[in-house]
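Q: prediction below, plus the sequence it came from.
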Amino acid sequence: MQPIQIVEIDLASREAVMGKLIGRFIPMILVFFIFTGIIYIAIDITAGEKERKTLQTLFVAPVKVSEIIAGKFLAVFTVGIATALMNLLSLVVAFLIQIRLLGGDIAKIGFSISSTGWVWLIVLIVLSTVFIGAITLAVVLLANSYKESQSYVTPLMLVILLPAIYAFTPGIELTFVTALIPMVNIFLAMGAIFIGNTNFVLMALVSVMALLYAVLSLGFASLIFRNENVITGEKVNFKQLFKQN
């Protein structure tokens, strides 16, 4: 028996729903491209050099450890930011072309970015690239060979992309609480930007927290690089990892 017939009616317009889906999908693709652009150069200049015995030679050269860390990080950051910006451009252009070919009206899709939104988007891309690049460098440096470091790729990818799945959960929006969660705040903030919803206070809070996490990840990477046991390829446990030599 069905005494009452339940009918679900979505009050949101088709354009608004499409804009929200695009706003959640593109940030995940951007972060994925940043990671894939970073990971292999990070492996080559850390575990790859350890395997070729050139990293140990570099550390006995008359240069500061901070200069070595800065040089390697800037190489990773440059590749990551270039990958992110080029893919962002290609995604936007491909999306606009697709809409034109289908005869749709871009203004009705619910996908709009203001000039302020573009500024926030670039800031978030830069900060997320710093965070991902530093964490990736620190983790793959623990490997002693190129092959061993490749086994770290999947766990790293899961750690970075799992927040995107949480951000996709219905009802999860950018708030003062979600703005504090690493990577989740980036995904939600980018999604809000893509649908034209840029709250200055929330965007500023996300940027500050992203900057804090980026600085912490850089400090962690620097700590790893300064550990002699890691550089020489010796096996170290978690406690030894944080011992300064």
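A: Received it, and whenever you're ready, just let me know what you need. Fair warning: this is a prediction, and the values are worked out from it, not measured in the lab.
Q: secondary structure element holding F33?
A: Using DSSP states H and E, F33 sits within helix 14-44.
Q: do the same with V215
A: helix 200-225.
Q: one step back: can you name the next helix or strand after the helix holding F33?
A: According to DSSP H and E, the helix or strand after helix 14-44 is helix 47-52.
Q: centre of the chain to the helix or strand just after that following helix, how far?
A: Counting by DSSP H and E, the next helix or strand C-terminal to helix 47-52 is helix 54-59. Chain-centre distance of helix 54-59: 29 Å, with C-alpha atoms, centre = their mean, to the nearest Å.
Q: so which elements touch the helix or strand following helix 54-59?
A: Toward the C-terminus, helix 54-59 is succeeded by helix 65-101 as the next helix or strand (DSSP H and E). Contacts defined by 3 or more C-beta pairs under 8 Å, 6 or more residues apart in numbering; DSSP states H and E place helix 65-101 against helix 14-44, helix 54-59, helix 115-140, helix 200-225. Where C-beta positions appear, they are placed from N, C-alpha and C, glycine not excepted.
Q: highest average neighbour count across the ones you listed?
A: helix 115-140 (a mean of 21; mean count of other C-beta atoms under 10 Å).
Q: on that earlier part again, average pLDDT across the helix holding V215?
A: Summarised as a single mean, pLDDT over helix 200-225 is 88.
Q: lowest-scoring secondary structure element of the protein by mean pLDDT?
A: Here the helix or strand of the chain ranked lowest by mean pLDDT, DSSP states H and E is helix 238-241, holding a mean of 60.
Q: pLDDT weak spots in this structure?
A: 10-23, 99, 102-112, 233, 235-245 (pLDDT under 70).
Q: rewinding a little: can I get the helices and strands packed on helix 65-101 in a markdown table including distance to V79?
A: Converted to a markdown table, the helices and strands packed on helix 65-101 look like this (distance: least, C-beta to C-beta, whole Å):
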| stretch | distance to V79 |
| --- | --- |
| helix 14-44 | 5 |
| helix 54-59 | 19 |
| helix 115-140 | 9 |
| helix 200-225 | 16 |
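Q: how about those helices, which one is nearest E67?
A: Closest to E67 of the helices and strands packed on helix 65-101 is helix 54-59 (C-beta to C-beta; 10.2 Å).
Q: by contact count, what packs against that closest one?
A: helix 47-52, helix 65-101, helix 228-231.
Q: for A189, find the nearest of those.
A: Here helix 65-101 is closest among the helices and strands packed on helix 54-59 (C-beta to C-beta), at 14.7 Å.
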